[in-house]
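Q: Here is the input, now give the coordinates:
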Amino acid sequence: TPETAFIYALTSAAIMHSIAKACSKGELIECGCDKSQPKLSTNTTITPSLSLNDGFEWGGCSDDLKFGRKISMSFID
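A: So this is what the prediction gives:
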């Protein structure tokens, strides 16, 4: 039924999201940060009175969605 398909899709997305977040926080030993995401730097002005610091560079840990998808597919299938 359409309702079952919706629940299935929602469950898959929730599992993938949870695994990807856990990876980026270092809570799982099998994975880590998504290394394919480039570091971003910007000097863009947000508003005339508010601008980002010159040389801002994102150095955070991106969620590893590929690993999350791989693991969630094994749970669902």
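
Q: The chain: strands as residue ranges?
A: 41-42, 45-47, 50-51, 56-57 (DSSP state E).

Q: pLDDT wise, what is Thr45 at?
A: Looking at Thr45, its pLDDT reads 47.

Q: again, but for the one 3 residues further on
A: The confidence metric pLDDT takes the value 51 at Pro48.

Q: Would you map the helices across the chain?
A: Counting by DSSP state H, the chain has these helices, from start to end: 2-24, 65-76.

Q: Tell me which of those lies nearest to Gly32.
A: Closest of these to Gly32 is helix 2-24, at 6.1 Å (criterion: Cβ to Cβ). The C-beta positions use only the backbone N, C-alpha and C, and glycine is treated the same way.

Q: Output the contacting helices and strands for the closest one.
A: helix 65-76 (3 or more Cβ pairs under 8 Å, 6 or more residues apart in numbering; DSSP states H and E).

Q: Which positions in the helix it packs on come out as buried?
A: Within helix 65-76, the residues scored as buried using 16 or more other Cβ atoms under 10 Å are 65, 67-69, 71-72.

Q: before we move on, the earlier item: may I see the helices of the chain organised as TSV, with distance to Glu30 and mean pLDDT added?
A: Shown next, in TSV, are the helices of the chain (distance: least, Cβ to Cβ, whole Å; pLDDT from 0 to 100):
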stretch	distance to Glu30	mean pLDDT
helix 2-24	8	88
helix 65-76	8	77
